[in-house]
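Visitor: Give me a model of this one.
(chains A, B, C, D, E and F, ligands or ions: 6)
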Amino acid sequence: MQFEPVVLFFLLGVFAGLVRSDLKIPGSIYEALSIFLLLAIGLQGGVKLAEFPLVQLLVPALLILAVGALIPLLSFPVLRLLGRMTRADSASIAAHYGSVSVVTFSVAVALLMQEDIDFEGYMIVFLVLLEIPALVIGVVLARRGSGHTQWGRLAHEVLFGKSILLLAGGLVIGFVAGAEGIKPLDILFFDLFKGILALFLLEMGLVAAGRIAGLRSYGVFLVSFAILTPLLSAILGTLLGWMLGLSVGGTMLLATLYASASYIAAPAAMRIAVPKANPALSIGAALGITFPFNIFLGIPIYLWMAQFLHSFGA
Amino acid sequence: MQFEPVVLFFLLGVFAGLVRSDLKIPGSIYEALSIFLLLAIGLQGGVKLAEFPLVQLLVPALLILAVGALIPLLSFPVLRLLGRMTRADSASIAAHYGSVSVVTFSVAVALLMQEDIDFEGYMIVFLVLLEIPALVIGVVLARRGSGHTQWGRLAHEVLFGKSILLLAGGLVIGFVAGAEGIKPLDILFFDLFKGILALFLLEMGLVAAGRIAGLRSYGVFLVSFAILTPLLSAILGTLLGWMLGLSVGGTMLLATLYASASYIAAPAAMRIAVPKANPALSIGAALGITFPFNIFLGIPIYLWMAQFLHSFGA
Amino acid sequence: MQFEPVVLFFLLGVFAGLVRSDLKIPGSIYEALSIFLLLAIGLQGGVKLAEFPLVQLLVPALLILAVGALIPLLSFPVLRLLGRMTRADSASIAAHYGSVSVVTFSVAVALLMQEDIDFEGYMIVFLVLLEIPALVIGVVLARRGSGHTQWGRLAHEVLFGKSILLLAGGLVIGFVAGAEGIKPLDILFFDLFKGILALFLLEMGLVAAGRIAGLRSYGVFLVSFAILTPLLSAILGTLLGWMLGLSVGGTMLLATLYASASYIAAPAAMRIAVPKANPALSIGAALGITFPFNIFLGIPIYLWMAQFLHSFGA
Amino acid sequence: MTSQPMTLLVIISETVLEDILIDEIMDLGAKGYTITEARGRGTHGTRAGRWTQGGNIRIEVVGNAELCQRIVQRLQSAYEQDYGLLMYTAPVELQN
Amino acid sequence: MTSQPMTLLVIISETVLEDILIDEIMDLGAKGYTITEARGRGTHGTRAGRWTQGGNIRIEVVGNAELCQRIVQRLQSAYEQDYGLLMYTAPVELQN
Amino acid sequence: MTSQPMTLLVIISETVLEDILIDEIMDLGAKGYTITEARGRGTHGTRAGRWTQGGNIRIEVVGNAELCQRIVQRLQSAYEQDYGLLMYTAPVELQN
Ligand SMILES: Nc1ncnc2c1ncn2[C@@H]1O[C@H](COP(=O)(O)O)[C@@H](O)[C@H]1O
Ligand SMILES: Nc1ncnc2c1ncn2[C@@H]1O[C@H](COP(=O)(O)O)[C@@H](O)[C@H]1O
Ligand SMILES: Nc1ncnc2c1ncn2[C@@H]1O[C@H](COP(=O)(O)O)[C@@H](O)[C@H]1O
Ligand code: NA
Ligand code: NA
Ligand code: NA
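Guide: Numbers count the residues shown, from 1 in each chain, chains lettered A, B, ... in the order given. Ligands and ions are numbered 1, 2, ... in the order given. Next comes the predicted model:
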């Protein structure tokens, strides 16, 4: 199974967290790393998008969004009925899993590049697009029948929140400037990308360590949910990617997008929009189980699934 | 007209600011970026200066300083009489426009490099030298006839303030170590330069957005002043550069230096030395109008002016 | 004598500190720089270690540790009897000098690379190993006969403190991933290394300036101690390196390790474990005298010693 | 000297609420506020100020007793149930 | 309204002691605490918050007078001699 | 126990004044001070702590009433007109 050394930094972080080392990445550095990561991903996507006839993307994009919306819609009843969770918690967790994780996606891209597997660069656009329906669905589910929602504040939070803004801004800049115009920025945004991702994973490990410790209290249900949801979502993604005629790399990335759960944009939005939800549950599951599952086991499995399906012809 | 993709990051920042996104560059990161930028600019200048007979610079340097001093001296009566501003405000704004902007200069250098136009590397020395007379003139104008000035504190503020210290320190290190000795640092200080400049412009856009919003209250006079002063100063610079026999690139850089207004060193110095001046006015004009004017329109115009004048022979 | 331009940044920092400039490296940036430096050094060592039969290292490692333990053991009576210092201060200073300095080591590596001199990459392992006996000896000396020691907390502090954790973690990751696996991280962790070291030295200079000012009050004894101890320790290291058959570069690095005094891990550990010791004394000596002595005079001398001894055959 | 008795209200709550709380405070009539970054532990667990875990902010408002009372009541009814929130008041002498 | 009189204890000490002081405070029965980063000067010299020099932390504990007294006594006897330490108390009205 | 009544003076002002205010405070006889970074809003507008806009610092001085009064008077006369400045005092029990 393919293995990407950058995940070792996650393990180092987890170790440091578990032994209660005084190691910590200062908050401002962490913020700088995420600004960098989001901009860099956006730029990469924009450059690739510029080489592509946009109209051809319309139908696949709508399909990818529609199928993606199934994830929170199906998760909600499972959480509510099987998991016996409150409406607020079920909705919030569903939104986290419908949403996507930029770092998981980056690790998948790193693996594809290490293995020299091509992929459709415009997949990055879905990092932006998939976020929005998931969060909206989450809020609707939480509020159904109960009082008013500050839709204005929520829309603002989602659209102009820093994650989407930097991703989309990077996309536009990359698109406008093109590969040639971006070249002097390459060394910062492309060549350093993986090193910065390593530092990011170190911090993620530190934080995940705290979450892992708290997992026992979540019970068997949430742990199973946090492993099965990505697997099932990835199967959806693999099938859809194959049907849409994506390459092996693109199929695997779509599976990864569906399988990943957000722990940056979604937690902030849900804390404001669904305050009754307990953030420890959703972040604990997304960051403490699903994230490590995805980078260690999930991503190699999704690659294998894509290769397997494509071996039958596209 | 020539266009430099790095300014797109400024636009992204302005957009984020105007839609009130929660995006912000942490203060410590901003400080690290400026330390980097100032050191890198200084090093670049120092390396180039080392290849140059210093004595030959003496007369042109004195001329450049003398003509540069005209900018605050002429701005002051305009602000005082035409703009009907207080003595303190007039003096402070004059000092900001007599002073220079490192980032504007960097964008100009980036454009020259993109267009493969040569320039005299020692122009960077004037980033250091032009600051000093401008601030001194500002304080003298503000205090004329009124009480005592803490000249000691001011001199200290200017000479050993971090901007000048890092620029001058970088110059000396670059000069002493030379191109060969600096080579292992190239990748950090030279190759990453433009990427870091992009992040810097992102933050400048965020801050400028706040300033732009406040412009209405400044009135037509200040807005006109903030556009005409750089244009007129640039004409001064272009003529002088041409007379001194500078290359097209060097002439354009001198025009840019004269045209740019400070928003790092000058605000801090003026806040201490001329406390009665309203910092919102000077920074608003320098950062909210002159800076974007220069990077979007000014710099291409100054390049065109230099090329035009040089087409008549040097 | 060989000269490494990166130390000029230390001088710039000292200058800025002495003239009381407002230049400062924000704390979070400093922390990020050290995380980077420790990880990078660890990774470099791990990659080199992977190419080496580990068992062959066992005996030399034990010898290097045993001889290294002599440094604090011999320093203590000197400080106590000749210097008439308190038991706590003597023990704490002894621990600082028995311990090692990552930045001093990095400057030595930079010089070797500049001069194209080969060295045993696994020397980096001793950055980790030498720290531990020194700190333990320091605590034992301080506490002998007096009450109980919180050994648990101390062991935790040393082993899982961020310095050792990042160095050791980097070693393991480098070892596991190997040169091939680390390659995409090279540009961040290896190519940028020297530039980051320069920024680090700038901050060290700023801090050292404060220490240098306080030196007068320490008296002649401490100043002499802070210069003679590294020299004598380096002689020990040079002889041992030569006896163990290390290369010229490796010998010089061992001398540098012995000669260097800690100012990151040791101060934090000693503040907790030996609270009665005055931290101004130990950090003042280590950072205000020994560190600049080593990077300006010591390292070139140690290289010369290694070359001299090796000219008699290995 | 124009020292006058006033009430100091200190509010410790979640960083994510910053914009919202500021809007409330200013809407209720405060003349100003001061914020410092904080972290801490309370009945809602540890808020160590690391991302995904969130940190706290500490807001100081100097005003008359009645204003502080209004702010306390509003924040209590709107946020105490769902968010980490601690408030205390103390009499101070404003020196302006 | 459930305002009740309490004691505010403010502890200013060295960053390096953070974990240790928190353990002491919680062990003595505090329900919570709030920390902000600080720097300052006192009888132990300037603590400018730069590395190798160290900074300060400012810990606030709201509790009953007796708890605050216990914390003061414990910290005084254990840390005052060797570390920078300043403590003061003031009466406050807890608004929860 | 050596608890003694003292005055706490809190000064909130512009970051750019830090060195100057510290000099004034120590010159007037303070034994120490504690600074935390702050941001806020007042009659001089929002000081969000972003560069070019500047931030605030929050200075705490514990001293006798007379010292605090001297500091208040000096800062008021010298800085209140041109700079953002808020000062308040409160009685505290120093626990050292
Ligand atoms: N007893 C206390 N003393 C000081 N700060 C407290 C106390 N209790 C809570 N806090 C602060 O208030 C925040 C929210 O409190 P809670 O709602 O109890 O979780 C905590 O994260 C602490 O920063
Ligand atoms: N009079 C004071 N007013 C305010 N803060 C003080 C005062 N004295 C000391 N401090 C703070 O307490 C810390 C430790 O004090 P000390 O133990 O006197 O060095 C100092 O670094 C200051 O932050
Ligand atoms: N009523 C208030 N309550 C708390 N802090 C205030 C208040 N008014 C002003 N401040 C703080 O004092 C600083 C300067 O105030 P001002 O001089 O009114 O602009 C502001 O930036 C705030 O941080
Ligand atoms: Na998903
Ligand atoms: Na100018
Ligand atoms: Na040593």
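Visitor: Report the rounded mean pLDDT for the helix or strand harbouring residue A:95.
Guide: Using DSSP states H and E, residue A:95 maps to helix A:87-98. Across helix A:87-98, pLDDT averages out at 95.
Visitor: For that helix, which helices and strands make contact with it?
Guide: When contacts are defined as 3 or more CB pairs under 8 Å, 6 or more residues apart in numbering or on different chains; DSSP states H and E, helix A:87-98 packs onto helix A:58-77, helix A:131-143, helix A:219-243, helix A:265-273, helix A:279-283. C-beta coordinates here come from the backbone N, C-alpha and C atoms, glycine included.
Visitor: Find the nearest non-adjacent residue to residue 78, please.
Guide: You didn't say which chain, so I picked chain A. Once flanking residues are discounted, residue A:78 sits nearest to residue A:225: 7.0 Å by CB to CB, 6 or more residues apart in numbering or on different chains.
Visitor: Can you look at chain D instead?
Guide: residue D:24 (7.6 Å).
Visitor: what comes up buried for stretch A:144-164?
Guide: By neighbour count on 16 or more other CB atoms under 10 Å in any protein chain shown, the buried set for stretch A:144-164 is A:154, A:157-158, A:160-164.
Visitor: Can you say which two of those are spatially most distant?
Guide: The span of the buried residues of stretch A:144-164, defined through CB to CB, is set by A:154 and A:162 at 15.4 Å.
Visitor: re the thing from before, I'd like the buried residues of stretch A:144-164 as JSON lines, with pLDDT, secondary structure and distance to residue C:258 appended.
Guide: What follows is those, written out as JSON lines (pLDDT from 0 to 100; DSSP: H, G, I helix; E, B strand; the rest coil; distance: CB to CB, whole Å):
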{"residue": "A:154", "pLDDT": "72", "secondary structure": "helix", "distance to residue C:258": "62"}
{"residue": "A:157", "pLDDT": "74", "secondary structure": "helix", "distance to residue C:258": "57"}
{"residue": "A:158", "pLDDT": "74", "secondary structure": "helix", "distance to residue C:258": "58"}
{"residue": "A:160", "pLDDT": "87", "secondary structure": "coil", "distance to residue C:258": "57"}
{"residue": "A:161", "pLDDT": "82", "secondary structure": "coil", "distance to residue C:258": "53"}
{"residue": "A:162", "pLDDT": "85", "secondary structure": "helix", "distance to residue C:258": "49"}
{"residue": "A:163", "pLDDT": "84", "secondary structure": "helix", "distance to residue C:258": "50"}
{"residue": "A:164", "pLDDT": "85", "secondary structure": "helix", "distance to residue C:258": "54"}
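Visitor: Quick check on residue A:278: phi, psi?
Guide: phi -80, psi 110 (degrees, to the nearest 10).
Visitor: can you pull the contacts of the closest residue to it other than its chain neighbours?
Guide: Excluding the flanking residues, the one nearest residue A:278 by CB to CB, 6+ apart is residue A:89, at 5.9 Å. Residue A:89 is in contact with A:79, A:277-278, A:281-282, counting by CB atoms under 8 Å, 6 or more residues apart in numbering or on different chains.
Visitor: For residue 18, the count of nearby residues, please.
Guide: You didn't say which chain, so I picked chain A. 16 (other CB atoms under 10 Å in any protein chain shown).
Visitor: if you could check chain D rather than the one you did, that'd help
Guide: 14.
Visitor: So the residue in the stretch 1-150 of chain A that chain E sits nearest to, which state does it fall into?
Guide: As assessed by CB to the nearest CB, chain E sits closest to residue A:22 within the stretch 1-150 of chain A, at 8.1 Å. Following DSSP: H, G, I helix; E, B strand; the rest coil, residue A:22 is assigned to coil.
Visitor: Would you state the strands of chain D in chain order?
Guide: Using DSSP state E, the strands of chain D run over residues D:4-14, D:33-42, D:45-47, D:56-63, D:85-94.
Visitor: ranking those by mean pLDDT, which is last?
Guide: Among those, strand D:45-47 scores lowest, with a mean of 79.
Visitor: How about that one and chain E, any contact?
Guide: No - if you take CB under 8 Å from any CB of the partner chain as the test, strand D:45-47 misses chain E, and the best it gets is 9.3 Å.
Visitor: Which strands or helices does the helix or strand hosting residue A:308 pack on?
Guide: Using DSSP H and E, residue A:308 maps to helix A:299-310. In terms of contacts (3+ CB pairs under 8 Å, 6+ apart), helix A:299-310 is packed against helix A:102-114, helix A:219-243, helix A:248-259.
Visitor: Please determine how far the residue nearest the centre of chain D is located from ligand 3.
Guide: Residue closest to the mean C-alpha point of chain D, counted by CA atoms, centre = their mean, is residue D:11 at 2.3 Å. With the distance defined as CB to the nearest ligand atom, to the nearest Å, residue D:11 ends up 11 Å from ligand 3.
Visitor: Give the closest residue to that residue in space, chain neighbours not counted.
Guide: residue D:59 (4.3 Å).
Visitor: Identify the bridge partners of that neighbour.
Guide: For residue D:59, the beta-bridge partners under DSSP bridges are residue D:11, residue D:35.
Visitor: OK, contacts around it?
Guide: D:10-13, D:21-22, D:25, D:33-35.
Visitor: How about whatever residue of chain D ends up closest to chain A: what's its closest non-neighbour residue?
Guide: Closest contact between chain D and chain A, by CB to the nearest CB, is at residue D:82 (3.8 Å). Closest residue to residue D:82 apart from its sequence neighbours, by CB to CB, 6+ apart: residue A:275 at 3.8 Å.
Visitor: Then residue A:64?
Guide: residue A:126 (6.0 Å).
Visitor: Let me know how buried that neighbour is, in neighbour terms.
Guide: Neighbours around residue A:126, by other CB under 10 Å: 21.
Visitor: Please list all residues in contact with it.
Guide: Neighbours of residue A:126 in contact, by CB under 8 Å, 6+ apart: A:61, A:64, A:68, A:100, A:254, A:257.
Visitor: I appreciate the help and will end here.
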